[in-house]
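*Asks:* next come a sequence and a model predicted from it.
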Amino acid sequence: MDSDVTEAGQQPTHRRSEDDEGIFATVAVIGAGAMGSGIAQVAAGAGHRVVLADPVIGVAADARERISSSLDRLVGKGRLSRADADATLGRLVASESIHTLPECGLVIEAVPEDLRIKRLLFADLSERQPANTVLATNTSSIDIDAIARDVIDPERVLGLHFFNPPPVMELVEVVHGELTSPAYVEHVTALMRAWGKTPVRCASTPGFIVNRVARPFYGEAQRLVEAGVADPATVDWVLRERGGFPMGPFELTDFIGQDVNLAVGTSVWEQTDRDERYAPTDFQRRLVEAGTLGRKTGSGVYTYAADGTVEGAEPDLALAERLVGGPVATDPLARTLAMLVNEAVDLVHRGEASAEDVDIAMRLGVRYPRGPIEWGREIGFDVVAAQIAELDAAFPGGRYRPSPALSDGSLA
C-alpha cells in the first residue's frame, strides 16, 4: 500500500483452528523489514510457529528485538497480557538464511518490490518446500503470475497484501493469479480471518483493489492545481471537510512520500499499457525530481516545521464554497468522487473483485468514509455517468471514459 499508519496497536490473540494446525502449523516470513516483521508478529500472535528470515546478517535478529519491544509496549498499555506477549515471542525464531527454512505450510515473502528478486526467490522456494506449501507475496502491485513464472506447481502462488503496519491494519488483499488454485485462495482467506484480519479477494489486476481505485483521489487533485483552479490547501480542505476523507490528497501524499506515491502510480500506469486514466502528473514528477518528498524531507507540497506542523498553508474558504456545487470540472469533491466511483465500478464490471469487497477494501485500506460503490448508489450512477461524460467532453483523450457499469444497471 502507498499509505502508512505508524503506531502499533492491539496485537490479535486469535488461535489456530485444527485445520490451521495441520496445514499452516509453521509459517515463514522472508524479509525482516517493517512489513515482514509486522506480518511475523501477527502470525506468531495468532499461535503459529514463525521463522523470520532475512539474507542480510543481523537483520532478522534485530527485527525480533523490535517485535519484543513492540509487545512490551502493548503490555505496558494494557492491550496484551504478559503471558501472551511472552508466548508470541517464544514462537518466533530469527534466521539469517532464507535457504534453510523448515518445512512450512505457508511462506510469505516481504522483500523489496523487484520482480527479478521475487521471481528467483519463489523459484528457489518451490524447489525447497513441499508441493503443498502455499507461497505468498506481499507485493502491492506486481503481477502474481509473473512472480510465479518459474515456480514448480504455480497454482500455490498467491498474493497476501498486508497494509502498514500489519499488527494494526485490519485489511488484507488476497490476490489470485490466473494459475492460482481456488482451494488455496479459500484456505488462506479463512486463515486471514483466523488471524483477526478482514480479507478481500481480487484478481491480479494492476494495483489490485486499493492502489488502483485510489489513483483518482491523488490524480484529480493534482490536475486541478496544475490547471490553476485552486491551491493545494483549498483542495485538501474541500476533500477533508466536505467529503469526510481523513486527509486531503496533498497532505496524504506528503505523509506517504511523494516518491512512494508516484512509484505506485507509475507502476499501475505501466502495467495498464500506459492507460491515460492512470498517467502520473508533471506536478508530482517535479516534486520528486526536486527532492521535495513530503514530511520526511521537511517539504513537499507543503513546508513543515520541526514538530511536523504545516507552515503557511491556509485554504481559501470563499473559493472552496464557490467551487463545491459548481461545474464538475472545477468542483474538487464532485470530480474526485465521480472518478473514484467510475474506477470502482469498472473493476467490478471486469470481474476482478466483488462490489462488497471493493467497498470494504477502500474503507479499511485507506479509511474512506464510504465505499465508492456505496457512494455511487447514494449519488446515483446515472448522475455519475453524466459527470464523467462532462469531464470526457472537457478533457478528451481517454482519462475520463465512462465504465459501462455506470449505465447497465448491474450495480443498482
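*Replies:* That came through, no problem.
*Asks:* now residue 96: how far from residue 70?
*Replies:* 21 Å (Cβ to Cβ, to the nearest Å). In short, each C-beta sits where N, CA and C put it, glycine included.
*Asks:* who has more neighbours out of the two?
*Replies:* residue 70 (21 against 15; other Cβ atoms under 10 Å).
*Asks:* go ahead and confirm that one touches residue 167.
*Replies:* Yes: between residue 70 and residue 167 there is a contact under Cβ atoms under 8 Å: 7.3 Å.
*Asks:* show me what the strand or helix carrying residue 251 is packed up against.
*Replies:* Under the criterion of DSSP states H and E, residue 251 resides in helix 249-256. Applying 3 or more Cβ pairs under 8 Å, 6 or more residues apart in numbering; DSSP states H and E, we find helix 249-256 packed against helix 215-226, helix 232-237.
*Asks:* next SSE after the lowest-mean-pLDDT helix or strand in the chain?
*Replies:* Here the helix or strand of the chain ranked lowest by mean pLDDT, DSSP states H and E is helix 18-23, holding a mean of 48. Scanning forward in sequence from helix 18-23 by DSSP H and E, the next helix or strand is strand 26-30.
*Asks:* shouldn't residue 239 be within a helix?
*Replies:* Yes: using DSSP: H, G, I helix; E, B strand; the rest coil, the assignment for residue 239 is a helix.
*Asks:* which pLDDT value belongs to it?
*Replies:* pLDDT for residue 239: 98.
*Asks:* ok, it - contacts?
*Replies:* Listed by Cβ atoms under 8 Å, 6 or more residues apart in numbering, the contact partners of residue 239 are 217, 221, 245, 248, 249, 332, 333, 336.
*Asks:* thinking again about what came up before, buried residues in the next helix-or-strand element following the helix holding residue 251, which are they?
*Replies:* The first helix or strand that comes after helix 249-256 along the chain, using DSSP H and E, is helix 258-271. Buried positions in helix 258-271, judged by neighbour count with 16 or more other Cβ atoms under 10 Å: 258-269, 271.
*Asks:* quick check, nearest of the residues you listed to residue 59?
*Replies:* Residue 59 lies nearest to residue 260 out of the buried residues of helix 258-271, by Cβ to Cβ, at 21.0 Å.
*Asks:* distance check, that closest one against residue 31.
*Replies:* Relative to residue 31, and taking Cβ to Cβ, residue 260 is found at 17 Å.
*Asks:* residues in contact with the helix holding residue 251: which ones?
*Replies:* Applying Cβ under 8 Å, 6+ apart, the contact partners of helix 249-256 are 2-4, 217-218, 220-222, 225, 232-233, 235-236, 239, 247, 261, 284, 294-295, 300-302, 304, 310, 336.
*Asks:* same thing but at 6 Å, please
*Replies:* Residues from elsewhere that reach helix 249-256 (Cβ atoms under 6 Å, 6 or more residues apart in numbering): 2-3, 217-218, 221, 232, 236, 261, 294-295, 300-302.
*Asks:* go on, stretch 48-57?
*Replies:* 26-30, 32, 40, 43-44, 60, 91-96, 98, 101.
*Asks:* average pLDDT for that stretch, rounded please.
*Replies:* Computed over stretch 48-57, the average pLDDT equals 95.
*Asks:* buried sites along the helix holding residue 251?
*Replies:* By 16+ other Cβ under 10 Å, the buried positions in helix 249-256 come out as 249, 250, 251, 252, 253, 254, 255, 256.
*Asks:* residues near residue 332, how many?
*Replies:* For residue 332, using other Cβ under 10 Å, the count is 26.
*Asks:* residue contacts, it?
*Replies:* 224, 235, 238.
*Asks:* tally of neighbours for the first one?
*Replies:* Same thing as residue 224. Neighbour tally, residue 224, other Cβ under 10 Å: 25.
*Asks:* what's the pLDDT at it?
*Replies:* pLDDT, residue 224: 98.
*Asks:* tell me the spacing between it and residue 61.
*Replies:* 48 Å.
*Asks:* strands of this structure, start to end?
*Replies:* Secondary structure of the chain (DSSP state E): strands at 26-30, 49-53, 92-95, 106-109, 134-137, 157-162, 171-176, 198-203, 303-304, 310-311.
*Asks:* which one of these lies nearest to residue 398?
*Replies:* Proximity to residue 398 (Cβ to Cβ) singles out strand 198-203 among those, at 22.5 Å.
*Asks:* model confidence over the closest one, on average?
*Replies:* On average, the pLDDT along strand 198-203 is 98.
*Asks:* same check on stretch 315-323?
*Replies:* 98.
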